[in-house]
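Colleague: How does the following fold in three dimensions:
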Amino acid sequence: MIKKPVPKKKPVIFAIFIAYNAEQALEQFYKEFPKHLFDQIILVDDASNDKTYELSVKLGIRAYRNPKNLGYGGNIKRAVKLALDQGADVIVDLHPDGEYKHTAILPALKQIRDNEAEFVMGNRFTSLKKVVDSGMFLWKIIPILFLNYLPKLVLRVQISDFHQGFRVYTRNLLGRVNYLENSNDFLFSFELIAQAVFHDIKLTQVPVENAYSGKKRGATLKHSIIYTLGVFKILSLYMLAKSGLKIKLFQAPLPPLTNKVV
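Modeller: Model prediction:
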């Protein structure tokens, strides 16, 4: 008797919105968001000073509010855990402040579906003209290009933009890296890339469109310097881990505790 092939399980796809003072942009962002692509959408408000949480509830988004500010990375950790606990297989991480457009979502999901990647990132640098036209501060472009070149050299991956905010994670990625040990600030995302490379997880990129304006045009010079020093530190730890030294950031996560008696 010929066995019929078992149909492939359709992945459960979540979107997570990492929100902080996003009230002004949220409604228009959500109106244009391709909601039909997702099984669930989660917003986690990081103790905003405005009415981001109240507006998200009014819009019908499954919203959570942190009792205190956890920082960018801390907020992602909570949002990712919420999504995983609710059954997500694929998680699209997109800022709801209007900086990133939705055009990268479908190409990224296709790469996941076609098993080309387990972690997909956006790439703003498909051309310098697009970067300038997006509104990015000119003084930031050259430092960011350097910060993209150095990790590419050290990590040896064909990624052109390591420091942007569009990401697609898979359950397999998040189960194999120790992401809960990552920083609670903006370095979380770069640490996750280094971890993925260390654990030989398939990493790809898709073009992403941006629209920077007003104060939402990136970190200040002070925070940019702190972030840059952090990137150097992470790359140094990565090289030490590759040489055989045990570095907690690059160790596999411990299995979850259970009450089962062996």
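Colleague: which regions of the protein sit below the pLDDT cut-off?
Modeller: 1-8, 131-135, 212-219, 254-262 (pLDDT under 70).
Colleague: Which secondary structure elements does the longest helix seen in it sit against?
Modeller: Criterion DSSP state H: the longest helix present in the chain is helix 221-242. With contacts taken as 3 or more Cβ pairs under 8 Å, 6 or more residues apart in numbering; DSSP states H and E, helix 221-242 sits against helix 138-151, helix 187-198. Placement of C-beta: from N, CA and C, glycine included.
Colleague: Please, where are all the helices along the stretch 1-150 of the chain?
Modeller: For the stretch 1-150 of the chain, the helices defined by DSSP state H, counting those that start in this stretch occupy 23-32, 52-58, 71-85, 105-113, 128-133, 138-151.
Colleague: Ok, which of those helices comes nearest P253?
Modeller: helix 71-85 (12.1 Å; Cβ to Cβ).
Colleague: Does F38 touch I13 like I think?
Modeller: Yes. With contact defined as Cβ atoms under 8 Å, F38 reaches I13; the gap is 5.3 Å.
Colleague: what touches both of those two?
Modeller: V92 (Cβ atoms under 8 Å, 6 or more residues apart in numbering).
Colleague: separation between the closest residue to S48 other than its chain neighbours and A241?
Modeller: The shortest distance from S48 to any residue other than its chain neighbours is 4.8 Å, reached at N21 (Cβ to Cβ, 6 or more residues apart in numbering). Between N21 and A241 the computed distance is 36 Å (Cβ to Cβ, to the nearest Å).
Colleague: Repeat that for E32.
Modeller: For E32 relative to A241 (Cβ to Cβ), the value is 41 Å.
Colleague: So which of these two has more stuff around it?
Modeller: A241 (18 against 11; other Cβ atoms under 10 Å).
Colleague: I'd assumed A252 was in contact with the more buried one.
Modeller: No. Here A241 does not reach A252: they are 11.7 Å apart, not a contact under Cβ under 8 Å.
Colleague: one step back: now tabulate the helices of the stretch 1-150 of the chain in CSV and tack on distance to K248.
Modeller: Below are the helices of the stretch 1-150 of the chain laid out as CSV (distance: least, Cβ to Cβ, whole Å):
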stretch, distance to K248
helix 23-32, 36
helix 52-58, 33
helix 71-85, 16
helix 105-113, 28
helix 128-133, 35
helix 138-151, 20
